[in-house]
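Q: just a sequence and a predicted model for now, questions to come.
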Amino acid sequence: MSFWTTEAFSFRKGNSIRAVYLTMAAGLVFIAGCSSTSEDDDVLGYEPKARATQEVKDEVGGLSSRVLEMLRVKGKATESGPAVSPCDSSSGAAKNTYRVRHPWSVYGVGNEVMAKGMENLREELPRQGWKIEKSGPDGSENKNPEILAVHLKTRTQLEATWLKGQDGHEPLIEVSLYSRCFRATDGSDAGTTGSADVGGADTGSVG
């Protein structure tokens, strides 16, 4: 999993991305963290704004739906909706600070179709308000093609990785969207990890 911690969009790759093969049918859960206190503004590069959690979930879900449409892959999609997680569980103030994540995958078709899907995404993202920060191989041994982008209006971040099934698994494109950190305004529990079926990337089938 990778995410940005500053406005410079520095990418960091972890090892949890490969867990998708074990949980594909059930959907995926990733945990992303960021600092939420004023003292950590230098780390984030911004002061988290106050927004209702459902509003951000709707926003991220809508962006996910459009990303799915951009791929134009006639396959199946994992069933998961946007979920809320705390930005920094180590901080006492983090109980009201959160981000929304939406991980999902498209599978059920061959690598030729996946390749076209990644090409479609590269072409469509800039046309729909995204800036591509990276397009090329990831840091894994398999050098999986990946696209890292940021939505210029909302600053939502996107990671799309094409796993070709070189280890004997089914090919898929893994997509994860992450919002910025926000402060909860509606009295909701910003530490919950539940999901809601928001957006079109949780339909179970595509095409």
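A: Nice, I can see it. Numbering: from 1, shown residues only.

Q: contacts for the helix or strand hosting Lys131?
A: Using DSSP states H and E, Lys131 sits in strand 130-137. Applying C-beta atoms under 8 Å, 6 or more residues apart in numbering, the contact partners of strand 130-137 are 9, 11, 122, 125-126, 143-152, 158. C-beta here means a position set from N, CA and C on the backbone, and glycine is covered the same way.

Q: ok, that strand: who's next to it in the sheet?
A: strand 145-151 (antiparallel) (DSSP bridges).

Q: which helices and strands does the helix or strand that the strand it pairs with is followed by pack with?
A: Counting by DSSP H and E, the next helix or strand C-terminal to strand 145-151 is strand 157-163. Using 3 or more C-beta pairs under 8 Å, 6 or more residues apart in numbering; DSSP states H and E as the contact test, the elements touching strand 157-163 are helix 53-71, helix 111-124, strand 145-151, strand 172-178.

Q: the strand holding Lys131 vs helix 53-71, what angle?
A: Counting by axes from the mean of the first three to the mean of the last three C-alpha atoms, to 10 degrees, strand 130-137 lies at 60 degrees to helix 53-71.

Q: check which residues of strand 130-137 are buried.
A: Within strand 130-137, the residues scored as buried using 16 or more other C-beta atoms under 10 Å are Trp130.

Q: now the angle from it to helix 111-124?
A: Using the same axes, to 10 degrees: strand 130-137 against helix 111-124 is 140 degrees.

Q: what average pLDDT does strand 130-137 get?
A: The average pLDDT within strand 130-137 is 97.

Q: ok, now stretch 155-166?
A: On average, stretch 155-166 scores 96.

Q: how about stretch 105-119?
A: On average, stretch 105-119 scores 97.

Q: distance between the ends of it?
A: 16 Å (C-alpha to C-alpha, to the nearest Å).

Q: including distance to Pro86 and mean neighbour count, could the helices and strands packed on strand 157-163 go into CSV?
A: Shown next, in CSV, are the helices and strands packed on strand 157-163 (distance: least, C-beta to C-beta, whole Å; neighbours: other C-beta atoms under 10 Å):
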stretch, distance to Pro86, mean neighbour count
helix 53-71, 11, 20
helix 111-124, 30, 16
strand 145-151, 22, 22
strand 172-178, 13, 25
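
Q: can you put these in CSV and add distance to Trp104?
A: Compiled in CSV, the helices and strands packed on strand 157-163 are given as follows (distance: least, C-beta to C-beta, whole Å):
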stretch, distance to Trp104
helix 53-71, 7
helix 111-124, 13
strand 145-151, 15
strand 172-178, 6
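
Q: closest one to Lys164 among these?
A: With respect to Lys164, and counting by C-beta to C-beta, the nearest of the helices and strands packed on strand 157-163 is helix 111-124 at 5.4 Å.

Q: against which helices or strands is the closest one packed?
A: In this structure, helix 111-124 makes packing contacts with helix 53-71, strand 145-151, strand 157-163, strand 172-178, judged by 3+ C-beta pairs under 8 Å, 6+ apart.
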